[in-house]
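Undergrad: Just need the structure, nothing else, for what follows:
(2 chains)
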Amino acid sequence: MRTLLLAPTPLLAIFFLLGACSRISLPVPEKAKDFRVLTYSSMTGPSSLGAEIERIFEERCRASNKALVCDLVLVPEDGDSSLVSTYLARPSGFDAILGLESLQVAQLKSKSKVVRSEFFARGPHAFIVDTHVWKDSTKWPKSWKDLSNFPKSVFLQDPRVSSVGIGWIKAIFVHELLNLDDARTLSKKVFPSWSLSYAAFQKEGAPLVWSYQSSEAYHRCEEKSERYRVLPLEEGYPVQEEFVLIPGESLSNEESLFMEVVLSDEVQSQIPLKNWMWPASEKTKLPECFKATSPVKPLLDPAPQNSAAKLSEWTDRWSL
Amino acid sequence: MEPLVSGQSNEERRSFSTALFLLTSSLVVLPLVFFIADALLSFESSSLTPIFFKLLFRALTFGATQAFLSASLSIGAAFILCLALLSLAPARRALLESPLRALGQLLFVLPGTSIALLVLSLPRGAVEALEGWPLIICAHVLWSSFFVAAHCVERLSDWMESEGGDLLRVAQSLGASRSSALRTTLLPVLKGEIQTWFPLIFLWSFGAFSTVLLLGSGPTHSTPEVLLFYTLLNDVNSSRLLLIFVATLGLQIAFLGLASRSSSNTSRLVSPASREVTVRRHEQLRLPAAFFFRAIAVVLISGALALLVSQVASVIFGGAPPPSLWSGLLQSWLYAACATLFCGALLVAISAVDARTRTRFVWGLALSPVLIGVSWSRMPGLGISELPWATALPLCAFALALLQLPFSALWIERSLSTMNSDLILYARSAGLSESQLFWKLRLPYLRPVFEKVLCYVFCIALGEVALASIWLRERPLLSLEARRLAQSYDFNASAWVFVLTLASALAVREILSRSLRKFLA
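TA: As a prediction, this is how the structure comes out:
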């Protein structure tokens, strides 16, 4: 029985050892810190815009001959969390945040210090139609009001965790394109992320998905396919503006360089075909296949600060 | 079975029981206290808006309603299956009893994620029509009804072969009609089974996470678990977390309290009366509506089998699995093996404590992976983004093993209550010490329970989503892949996940059975 009394001791030891290991930071040799950029997961792939930004930043940094931290690391957001909550959970862990939506910027500024923020890409949201499911385009809804006659037809994203879902919230509460009841009726399923909703949509799960105008351009440019089209609605669509943001109180040399790189022509010109958005710089030349995208009327948020203050309440109301 | 611990070892055993209870409770209670204190210190009443209260209320009512319906339908289906089987002639019953038991055991050890994948393999039209709460309830009923049915068949068979058959004959010989004889004799037995199973299925369904996440169509189908999960990941303010946490825990504890009180005998929840049946007389129950029961039973069993077969067929005819699944499987096996090892150690420990302590552990059924995950993740150094994989994996596995403690305690208590006391007296008179009694008699006797629980834990770990999403999200675990694949409508790949989990469950069962037989010989 004495041996039994000792049975939980190894378990206890393991548990507290694990706890201790995670807390104790052992002294490590002095090593140059990485320049850590928090961004969304699709920006971190090998052929993504993020990889291009990383390459250009490191090249320019090393060419500058200054004692800078030139190793850029792109850190994707935590699983289901948004960029804001991932940052706020570990604010000292990141030097820059790339890809925040305008309301998220305002939200973050209300909770944490931000030294500089610039918008680097934009793109109107849009419903994308699967023309194999909705074949007859003459029967497509022409306005947001018509759309409410098609219950359970749209795949949406959860605004608690997805910036595309925030675009949907803007359509309801900022631009008042449809009322809350109609918005709920339209929803076929709510997904935690854009990528899951779009994958399900491509498996013919629903005739419509809430996405971006540029999704049509993606299929045209990458797949040479006309199957997925923007649903043109006369009132227009809310625009998503993506920001690059430097948290903190002062700007380091690396952070200045990073801002410079993201806003440079070299990166801006790659936004259409790498990030599938419109570049912030209107001077940037767009690829031909991108120019052919069905036009939509863009709707800008007149007061993003006010909207950001109400975002939590709006999200709750939508979720109810 | 207290004779096992009589005499000089009683004091030792009591101190061990207290030590184990305090240790395991502290692992749960300390993080809870820390989390509550932290949330109270940073309390922001402004975030607790009336709409949030409505959200919380809706999650609680949705959770409770679907759990109530799931438990009621599961037990209803189980009883129909059970009565249909008992109304068959003994030879035909024996033919069906083994497949039913196998189906029950198989579905019960499968994690919620796999059950959700199984339900998603229904024809797309049916899935779309049922999406939301009907699909969630369908998964819970599928998961528990066969298991409960298998147990009830066993229990009612025993009853029929012993006092039940005699009681029926006596009642009929005294002039009672067949239906009233059945009503007066069978109902008390069924009532006992309801008192045992209803609270368990209710709590499991109320705490359901992966089925709700995968089969619900959005935030409107949030159980408190899912609401808590999203709040943890997306709301840095912990005031909301605290409120959901307290409300959920309060409701579960209140339900457990009610369930214990409403039971005519509290210990029935833990150890329903059971005894050795040595002579099998194979009584046949003559039910007035036997044909109706049999028709429903055929639909239920063939439906479940068709779902299983359709998943296997999709794998055979649907092409190769995505390569990421293999690395996911490997890492999931590692995670599950860790959880099984931890659980094994806890099982040995809990087998050694006294019956009273084991009964106390049953209150732990009110805890769920998300509750544990939330409280542990708020401990300094154990935060979501702070842990490296090598630390997060065993931590997560340990949390999972700890969560199985109440369930294990329940099983062990049930099993020990059927142990023959003469055997213990004989062993003691043959000169076996208390520790020898424990290692040579009690543990080998508990081998089937160990097998069941360890296999269950392994499979649960393979499909566990809540803790894995909190701590192991960077890893392509099979369960997280399953969630991603099912949500992106990749049903072929998700069928692979199902079949891999199923194959793992069967393999592990075999491995565990052999190794435990060797170890506890």
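Undergrad: Can I take it that A:Asn65 is in a strand?
TA: No - secondary structure of A:Asn65 (DSSP: H, G, I helix; E, B strand; the rest coil): coil, not part of a strand.
Undergrad: Could you count how many residues lie near it?
TA: By other C-beta atoms under 10 Å in any protein chain shown, 7 other residues sit near A:Asn65. Where C-beta positions appear, they are placed from N, C-alpha and C, glycine not excepted.
Undergrad: And it, its phi and psi?
TA: Main-chain dihedrals, A:Asn65, degrees, to the nearest 10: phi 60, psi 20.
Undergrad: Please, which helix or strand holds the closest residue to chain A within the stretch 1-150 of chain B?
TA: Nearest to chain A in the stretch 1-150 of chain B, going by C-beta to the nearest C-beta, is B:Ile51, at a distance of 4.3 Å. Using DSSP states H and E, B:Ile51 sits within helix B:50-86.
Undergrad: packing partners for that helix?
TA: helix A:304-319, helix B:90-109, helix B:133-159, helix B:178-206, helix B:224-234, helix B:238-262, helix B:290-317 (3 or more C-beta pairs under 8 Å, 6 or more residues apart in numbering or on different chains; DSSP states H and E).
Undergrad: Could you give the separation of it from the chain centroid?
TA: 15 Å (C-alpha atoms, centre = their mean, to the nearest Å).
Undergrad: between the helices and strands packed on helix B:50-86, which gets nearest to B:Arg414?
TA: Closest to B:Arg414 of the helices and strands packed on helix B:50-86, according to C-beta to C-beta: helix B:178-206, at 9.2 Å.
Undergrad: Flag the shaky bits of chain B, pLDDT-wise.
TA: For chain B, residues meeting the criterion pLDDT under 70 lie at B:1-14, B:16-17, B:235-237, B:262-289, B:380-387, B:474, B:520-521.
Undergrad: Would you mind giving the domain segments of it?
TA: What automatic domain parsing lists as the domains of chain B is B:1-45+B:319-521, B:52-317.
Undergrad: Can you verify A:Ile97 is assigned to a helix?
TA: No - applying three-state DSSP, one finds A:Ile97 to be strand, outside a helix.
Undergrad: Could you tell me how many residues sit around it?
TA: Residue neighbour count, defined by other C-beta under 10 Å, stands at 27 for A:Ile97.
Undergrad: and it, what are its bridge partners?
TA: With DSSP bridges as the criterion, A:Ile97 is bridged to A:Leu38, A:Leu245.
Undergrad: does it really touch A:Gly248, like I thought?
TA: No - using C-beta atoms under 8 Å, A:Ile97 is not in contact with A:Gly248; the gap is 11.1 Å.
Undergrad: hey, where'd the helices end up in chain A?
TA: Applying DSSP state H to chain A gives helices spanning A:2-5, A:8-23, A:49-63, A:83-89, A:102-111, A:144-147, A:163-169, A:180-186, A:194-202, A:214-223, A:253-262, A:265-268, A:288-291, A:304-319.
Undergrad: can you list those in a markdown table and add mean pLDDT?
TA: Shown next, in a markdown table, are those (pLDDT from 0 to 100):
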| stretch | mean pLDDT |
| --- | --- |
| helix A:2-5 | 43 |
| helix A:8-23 | 46 |
| helix A:49-63 | 93 |
| helix A:83-89 | 81 |
| helix A:102-111 | 86 |
| helix A:144-147 | 91 |
| helix A:163-169 | 91 |
| helix A:180-186 | 90 |
| helix A:194-202 | 89 |
| helix A:214-223 | 92 |
| helix A:253-262 | 93 |
| helix A:265-268 | 93 |
| helix A:288-291 | 86 |
| helix A:304-319 | 88 |
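Undergrad: which one of the ones you listed is the most hemmed in?
TA: helix A:163-169 (a mean of 24; mean count of other C-beta atoms under 10 Å in any protein chain shown).
Undergrad: And the contacts of that helix?
TA: Residues from elsewhere that reach helix A:163-169 (C-beta atoms under 8 Å, 6 or more residues apart in numbering or on different chains): A:40, A:82-83, A:99-101, A:103-104, A:125, A:156-159, A:183, A:190, A:194, A:197, A:210-212, A:238, A:240, A:311, A:314-315, A:318.
Undergrad: So what's the gap between that helix and the chain middle?
TA: Centroid separation for helix A:163-169 versus its chain: 10 Å, with C-alpha atoms, centre = their mean.
Undergrad: Just give the closest residue to B:Gly344, not the sequence neighbours.
TA: Spatial nearest neighbour of B:Gly344, excluding adjacent residues (C-beta to C-beta, 6 or more residues apart in numbering or on different chains): B:Leu454 at 6.0 Å.
Undergrad: now the one you found: how far from B:Leu512?
TA: Look at B:Leu454 and B:Leu512: by C-beta to C-beta, to the nearest Å, they are 5 Å apart.
Undergrad: neighbour count winner among those two?
TA: More neighbours surround B:Leu454 than the other of B:Leu454 and B:Leu512, with 26 against 20 (other C-beta under 10 Å).
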